[in-house]
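**Student:** no sequence on hand, only this structure:
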């Protein structure tokens, strides 16, 4: 119960932050304004993808360097996690960028591609957020939950379970708010009327 106010404040902060960064200020936008917004979106996604791939490679390198200190001791599990991080980084580099627009692109094609790319980036972000959480959940299970069962210490089981639930709540809240903003922007793109 002591965590409820903190979780509510976290969710409220996400909602307020999303409201501050509204997609478009009005429905009466020109094609050039939407095109410029798409270019900003593509530029931001490109840099975000590069940073994310570098962070994934760095996490694998640090984990291999400090492997004896990791709470996960199963070599097969560690190899699987390392491989998944490397494959995710390679995918972000190869396919994570936003597609460029064709040379002659009308407004309807621009709008459709913008909506498709936003949905694709949202799916990628959702996967990567859960991927970053996976080692923490496995460590919580191995150290607290399974360790608590093995040593007959229920306080460790409770602490591990509550920690895992809170972490999953954080990622779920991030996914819901980010996905809601993307859907709102896609809906606004549907309603935009081009100026004569």
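**Tutor:** That came through fine. Here the structure is a predicted model, which is why all the values come from computation and not from measurement.
**Student:** contacts only, for the residue nearest the centre of the chain.
**Tutor:** Relative to the mean C-alpha position of the chain, the nearest C-alpha, by CA atoms, centre = their mean, is the one of residue 125, at 3.1 Å. Listed by CB atoms under 8 Å, 6 or more residues apart in numbering, the contact partners of residue 125 are 175, 178. Every residue, glycine included, has its C-beta placed from N, CA and C.
**Student:** please redo it, this time with the cut-off set to 7 Å
**Tutor:** Contact analysis of residue 125 by CB atoms under 7 Å, 6 or more residues apart in numbering lists residue 178.
**Student:** so which strand or helix has it?
**Tutor:** Secondary structure here is read from DSSP states H and E; on that basis residue 125 sits in helix 107-140.
**Student:** residues in contact with the next helix or strand after that helix?
**Tutor:** Elements were assigned by DSSP H and E; along the chain past helix 107-140, the next helix or strand is helix 146-151. The set of residues that contact helix 146-151 without belonging to it, under CB under 7 Å, 6+ apart, is 154, 156-157, 160.
**Student:** pull out the buried residues from the following helix or strand past helix 146-151.
**Tutor:** Helices and strands here follow DSSP H and E; after helix 146-151, the next one along the chain is helix 154-191. Residues of helix 154-191 classed as buried by neighbour count (16 or more other CB atoms under 10 Å): 156-157, 160, 163-164, 170, 173-175, 177-179, 181-182, 185-186, 188-189.
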